[in-house]
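Enquirer: Sequence plus predicted model, see below.
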Amino acid sequence: MSSPLQESTNSKKPPVRKKTVPGIVASREKLTMLTAYDYWTAQLVDRAGTDMILVGDSLGMVVQGKEDTLEVTVDEMVYHCRAVNRGRQQALVVGDMPYLSYHISREETVRNAGRIITEGRADAVKLEGGRKRIPMIEAILDAEIPVMGHIGLTPQSVNALGGFKVQGKDFKSWQRAVDDALALQDAGVFALVLECIPYDLAEEITGKLDIPTIGIGAGPACSGQVLVTHDLLGMSFGRTPKFVRQFADLSATGGDGLAAFIEAVHDGAFPTLKESFKPSKKADNIQLYGGDLSLTAKVG
Ligand SMILES: Nc1nc(=O)c2c([nH]1)NC[C@@H]1CN(c3ccc(C(=O)N[C@@H](CCC(=O)O)C(=O)O)cc3)CN21
Ligand SMILES: CC(C)C(=O)C(=O)O
Ligand SMILES: [Mg+2]
C-alpha cells in the first residue's frame, strides 16, 4: 500500500510550505514579487525568499528581444510557467495573461486563464486594466482562479498610451486610477500591481485598499514591490526603466567568466585531463586514437 500521500509523509526532505493566495493577502510584511521565465531563475528567486514569482509577459522583451509585449502568446506563457513551476518550492507563481487572451469573450478568457493554471501550473493569473476588465475577471474568478490586477502603466496598452509613460499625472487620470483600484478590489482581485504612477497616488490607493498593492515605479508606500529580475541583477544591457535599482551586475561578472573561458580554451588551459575522462582500457579504443598513448600516459 503506497498512496502518494504516504510517500510524501515518508520522504526524508520535509516539504517546503508553499505560499498561498490567502497567506499573501493576510501578510503584514512588505511583499516581494520577482519575474522568472525559466527553471534556473525560478530556483534563484525562490531560494532568495521572494513571496511571489511573476512569469511576466515582459518575457517578450527580456527573453525574445522584442520592442513591446504584444506578440506574446498563451502557448508561450504556458511553456514558461511550466519551467518556472519546476524550479520553485515556496513562492506563489503568478502567470501573466498575454495581450488578446482576455479581451474577446468570457469563454476564451476562462479557457486561456485555465490553461495557464492546468498546463502551466501557475497558482494565479494577472491581467492588465481597470473597470472595463471586470466582466472577464469575474468569469475567471468563477472558475476558481485567483486574479491579480494591474493598473497605471499597462504595457499592453503601449499603442493607446503612446509609449511606456508614467500614468496618473493629471486629475482625471489620478481619479481614474483610484476608482479602478476600488472597483477591481470589489470585483475580487487578491492584489493589485501599480506600475509607473506618482508615489502620492500609489500611497492614496494603498491606503484605500484592503488588498495588497505591488508597486513597480510607484514609490515606497505600496504593500510590496515587483521588479524584472534581469533589471535588478544588471542583466538588461542598459535597457532598464528609470525606476530600477541595480542590486548586482551579472552582465559584468558573467561576461568576465565567459571571457576567462574563451581565453583558457585559446591558451589550451581548459580543459585539463582532470576535467576529462580517464582513457579506456580497451585496446581497440586506443586504436581509435591512432594508438597514441602520450595522452593516456599523462593521466595520474
Ligand atoms: N526589462 C523590462 N523591465 C520592465 O520593468 C518592463 C519590461 N522589461 N517590459 C514590460 C514592461 C515595460 N515597462 C517599462 C518600460 C519602459 C519604461 C520607461 O522607459 N519609462 C520612462 C518614463 C517615461 C515617462 O517619463 O513617462 C523612464 O525613463 O523610465 C517604463 C516601464 C515595465 N516593464
Ligand atoms: C512589469 C511587471 C509587473 C509585468 O507585468 C511583467 O513583467 O510582465
Ligand atoms: Mg506583464
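Expert: Structure's in. What do you need? Ligands and ions are numbered 1, 2, ... in the order given.
Enquirer: Return the distance of Glu107 relative to ligand 1.
Expert: 28 Å (CB to the nearest ligand atom, to the nearest Å). Every residue, glycine included, has its C-beta placed from N, CA and C.
Enquirer: Which pLDDT value does the model give that residue?
Expert: pLDDT recorded at Glu107 is 98.
Enquirer: secondary structure element for it?
Expert: Per DSSP states H and E: Glu107 is located in helix 106-118.
Enquirer: again, but for Gly168
Expert: Using DSSP H and E, no helix or strand contains Gly168.
Enquirer: what's near enough to touch it?
Expert: Each residue near Gly168 by CB atoms under 8 Å, 6 or more residues apart in numbering is listed here: 152, 174, 176-177, 197-198, 201.
Enquirer: again, but for Ala252
Expert: Contacts of Ala252 (CB under 8 Å, 6+ apart): Gly234.
Enquirer: Where does it fall, secondary structure wise?
Expert: Per DSSP H and E: helix 250-267 holds Ala252.
Enquirer: Over to Thr206?
Expert: Going by DSSP H and E, Thr206 is part of helix 199-208.
Enquirer: in that helix, what counts as buried?
Expert: Buried residues in helix 199-208, counted by 16 or more other CB atoms under 10 Å: 201-206.
Enquirer: How about stretch 93-108?
Expert: Buried, per 16+ other CB under 10 Å, within stretch 93-108: 93-99, 101-102, 108.
Enquirer: and the contacts of Gly168, which of them are in helices?
Expert: 174, 176-177, 201 (DSSP state H).
Enquirer: Next, give me the two most distant ones among those residues.
Expert: Maximum pairwise distance among the ones in helices among the contacts of Gly168 (CB to CB): 10.5 Å, between Arg176 and Leu201.
Enquirer: Distance check, Val55 against Val78.
Expert: Computed as CB to CB, to the nearest Å, the Val55 to Val78 distance reads 10 Å.
Enquirer: about what we covered before: which among the buried residues of helix 199-208 gets closest to ligand 1?
Expert: Leu201 (13.8 Å; CB to the nearest ligand atom).
Enquirer: my guess is that closest one contacts Ala177, does it?
Expert: Yes - with contact defined as CB atoms under 8 Å, Leu201 and Ala177 form a contacting pair (6.0 Å).
Enquirer: tell me the mean pLDDT over the helix holding Thr206?
Expert: Computed over helix 199-208, the average pLDDT equals 98.
Enquirer: what packs against it?
Expert: The contact analysis (3 or more CB pairs under 8 Å, 6 or more residues apart in numbering; DSSP states H and E) places helix 199-208 against helix 171-187, strand 191-195, strand 213-216.
Enquirer: Apply 6 Å and report the result again.
Expert: helix 171-187 (3 or more CB pairs under 6 Å, 6 or more residues apart in numbering; DSSP states H and E).
Enquirer: picking that back up, kindly reformat the ones in helices among the contacts of Gly168 as a markdown table containing distance to ligand 3.
Expert: Below are these laid out as a markdown table (distance: CB to the ion, whole Å):
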| residue | distance to ligand 3 |
| --- | --- |
| Trp174 | 22 |
| Arg176 | 20 |
| Ala177 | 17 |
| Leu201 | 20 |
